[in-house]
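Got a sequence here, can you build the structure:
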Amino acid sequence: MNVISRRGLVALEKQHPEAVPALERWYRTARKATWLDLNEVRRVYPSADQVGNVLIFDVSGGNYRLITVPIYRKQRLYIKALLRHREYDRGRWLKWA
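Take a look at the predicted model:
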């Protein structure tokens, strides 16, 4: 998958330094992946979920939710947000769904 954008991921890491190791592992895995649908994503990340256009990953032991938008046919994965549970529960991420 072409993860867009690495720069955006680095910005999220600066806001949440405790999540850096988990985000780096996620990035390396996602970049090498060739996911065509949610079922393929779940082979690697069983807790991943898709709501509309949004693909959600649990990151850093489930302490964060990484909000992405996949375009499977073009092998692109757009990073939108990294949220703690409290922020995620507010539902502002639904604007991308």
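
Who are the packing partners of the helix or strand where residue 80 lies?
Using DSSP states H and E, residue 80 sits within strand 76-84. Applying 3 or more CB pairs under 8 Å, 6 or more residues apart in numbering; DSSP states H and E, one finds that strand 76-84 contacts strand 2-4, helix 6-15, strand 54-59, strand 64-71. Using the backbone N, CA and C atoms, a C-beta is placed for each residue, glycine as well.

and the angle from that strand to strand 54-59?
If you take axes from the mean of the first three to the mean of the last three CA atoms, to 10 degrees, strand 76-84 sits at 50 degrees to strand 54-59.

would residue 36 count as being in a helix?
No. Using DSSP: H, G, I helix; E, B strand; the rest coil, the assignment for residue 36 is coil, not a helix.

Count the residues that sit near it.
By the criterion of other CB atoms under 10 Å, residue 36 has 12 neighbours.

State the pLDDT value of it.
Here the pLDDT value assigned to residue 36 is 97.

can you pull the contacts of it?
residue 72 (CB atoms under 8 Å, 6 or more residues apart in numbering).
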